[in-house]
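J.: here is a sequence with its predicted model. Questions after.
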Amino acid sequence: MAFLESMNISASALTASRLRMDVVTENIANSSTTRTATGEAYRRKYVVYQTIDGNNTAGREDCFDKIFREAGGGFFRDYVNRADEATGGVRVVAIKEDQSEFKLEYDPNHPDADEDGYVRLPNVEVVQEMVDMMSAYRTYEANITAINTFKDMAVRTLEIGK
């Protein structure tokens, strides 16, 4: 059943990559937000990943084993309920704020300008965000390819028995 374990690894990467793309999208959408609920300009956010140890089942709730566990009955149910058999993967442990300085722009007519006429702009670089988005997209795409390869291998394996 290493096949299902491999699917879990790729599924965890898909989940993490999708969240990274969501965070990048939020950064781009707020690249000109000068005031948030805290009263300061928007701070760029980034995702922190952690590997899932092969003997650690934490973070597996987003993977295919949950679907099989909920499906009930039979071999798959018994297989996925065995403890501590995750082979690995990745999970998001935090979404942090970039603490780099805000950009300053002189605009004394802006409603968020300070007493010297400077407006604090978000520390978001749209070009950097687009590079991050492409990287997350390529990671997502690679894991979709891996899942499709696993699926094709399973189908061909079943065809051998015909």
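T.: Right, received. Where do you want to start? Residues are numbered from 1 along each chain as shown.
J.: spell out, range by range, the helices that occur in this protein.
T.: 2-29, 64-71, 74-80, 126-160 (DSSP state H).
J.: low-confidence stretches in this protein?
T.: Within the chain, the segments meeting pLDDT under 70 span 1-3, 54-87.
J.: and the residue nearest the centre of the chain, what is it in contact with?
T.: For the chain, the residue nearest the mean C-alpha position is residue 16 (2.6 Å; Cα atoms, centre = their mean). Residues near residue 16 by Cβ atoms under 8 Å, 6 or more residues apart in numbering: 47, 49, 90, 91, 92. (Each C-beta comes from the backbone N, C-alpha and C, glycine too.)
J.: run the last query once more with 7 Å
T.: Residue 16 makes contact with 49, 90, 91, 92, according to Cβ atoms under 7 Å, 6 or more residues apart in numbering.
J.: do residue 92 as well
T.: Contacts of residue 92 (Cβ under 7 Å, 6+ apart): 16, 19, 47, 48, 49.
J.: go with 10 Å
T.: For residue 92, the contacting residues are 12, 15-20, 23, 47-50, 59, 62, by Cβ atoms under 10 Å, 6 or more residues apart in numbering.
J.: against residue 45, how distant is it?
T.: Distance of residue 92 to residue 45, computed by Cβ to Cβ, to the nearest Å: 12 Å.
J.: overlap of the contact sets of these two?
T.: residue 23.
J.: hang on, the earlier thing: want to throw the helices of the chain into TSV with distance to residue 35?
T.: Below are those laid out as TSV (distance: least, Cβ to Cβ, whole Å):
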stretch	distance to residue 35
helix 2-29	15
helix 64-71	40
helix 74-80	48
helix 126-160	19
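J.: and among these, the most buried is which?
T.: helix 2-29 (a mean of 19; mean count of other Cβ atoms under 10 Å).
J.: so what's the gap between that one and the chain middle?
T.: 4 Å (Cα atoms, centre = their mean, to the nearest Å).
J.: how big is the angle separating it from helix 126-160?
T.: Following axes from the mean of the first three to the mean of the last three Cα atoms, to 10 degrees, one obtains 160 degrees for the angle between helix 2-29 and helix 126-160.
J.: from here on, count from 57
T.: In the new count, where the first residue is 57, that last one comes out as helix 58-85.
J.: which other residues reach stretch 167-182?
T.: If you take Cβ under 10 Å, 6+ apart as the criterion, stretch 167-182 is touched by 80, 82-92, 95-101, 153-166, 187-188.
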